[in-house]
Each structure stands twice: as C-alpha cells, then as structure tokens.
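Peer 1: what shape does this take:
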Amino acid sequence: MIKNNSVTIYHKTFNKNTRLEEWTRYNYKNVWFFGGESATVREGYNPNNRVEIRIPLTESINIDNFAIGDIICEGTLNTDIETQQDLSGLIYNITSINVNKFGTQPHIHLSGK
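Peer 2: Down below sits the predicted model:
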C-alpha cells in the first residue's frame with residue numbers, strides 16, 4: 001500500500017446531557033489517499049467526486065471512531081469544531097467503512113463523497 005498522505009477524521013457523537021452534537025478529531029498519518037475534487041461546505045456535493053482512503057490497521061486504532069457521515073479532511077488539522085460549517089475548504093463525508101483484517105496489509109478502507 002502506498003502511504004502518501006495524512007487525514008483528519010471528525011467523528012460525530014450525540015451528547016445526551018446537553019442534547020447537542022459533538023465532534024471529536026482524530027489525525028492519522030501514513031495513509032493511502034486517492035480522490036479528486038470534493039464538496040465544499042457552502043457549495044454542496046458533486047456526485048462524481050469520491051475519495052478512497054486506507055488507514056493501516058494497528059492496535060491503537062479503534063473502529064468505533066468511524067461512522068457513516070463523519071467528516072474526512074485531507075492533511076493534519078488541529079482545529080476543533082462544533083458544527084460542520086466550522087470547517088473551511090474541501091471536505092468529504094464517509095459513505096462506507098470496511099475493515100480488511102486479512103492479507104499482508106490489514107487496513108480500514110473508507111470511501112467518501
């Protein structure tokens with residue numbers, strides 16, 4: 001697997017006490033990132049724009065930190081957010097998650113639009 005980039009995943013959860021969505025940021029280095037243009041927060045989705053990401057599976061990665069609809073950003077970001085609109089620039093939303101535990105390079109495969 002070619003490791004050509006880093007990504008930031010913003011994982012959304014719901015806080016039952018405050019009744020608000022909360023976003024937790026996870027940065028992953030040495031990932032395989034392949035994709036074209038993406039959506040922008042203000043312009044919406046282009047249905048032809050997809051991204052494929054493979055994150056090497058290690059003991060420190062928790063599969064529960066990924067969910068359909070979570071945000072993928074190319075590169076390493078250090079910004080905490082309260083809403084998706086807090087991000088500027090290009091973003092993707094996770095559309096599928098596959099855990100490939102077998103073979104010589106176990107990884108998590110994320111697809112996004």
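Peer 1: please count neighbours and contacts with C-alpha atoms only from this point.
Peer 2: Will do.
Peer 1: C-terminal to the helix or strand harbouring residue 95, what's the next element?
Peer 2: Assigned by DSSP states H and E, residue 95 belongs to strand 90-100. Later in the chain than strand 90-100, the nearest helix or strand by DSSP H and E is strand 107-112.
Peer 1: with only the CA atoms kept, save that next one in CSV.
Peer 2: What follows is strand 107-112, C-alpha atoms only, in CSV (Å, rounded to 0.1, in the frame of the first residue of the first chain):
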residue,chain,number,x,y,z
HIS,A,107,-6.3,-1.7,6.9
ILE,A,108,-9.5,0.3,7.3
HIS,A,109,-10.9,1.3,3.9
LEU,A,110,-13.0,4.4,3.9
SER,A,111,-15.0,5.8,0.9
GLY,A,112,-16.3,9.3,0.9
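Peer 1: that strand pairs with which strands, and in what direction?
Peer 2: When pairing is defined by DSSP bridges, strand 107-112 lines up against strand 51-56 (antiparallel), strand 90-100 (antiparallel).
Peer 1: so which bits of the longest one are buried?
Peer 2: For strand 90-100, the neighbour count (16 or more other CA atoms under 10 Å) marks 91-95, 97 as buried.
Peer 1: next one: stretch 73-83
Peer 2: 73-74.
Peer 1: that stretch spans what distance, first to last residue?
Peer 2: By CA to CA, to the nearest Å, the extent of stretch 73-83 from end to end equals 14 Å.
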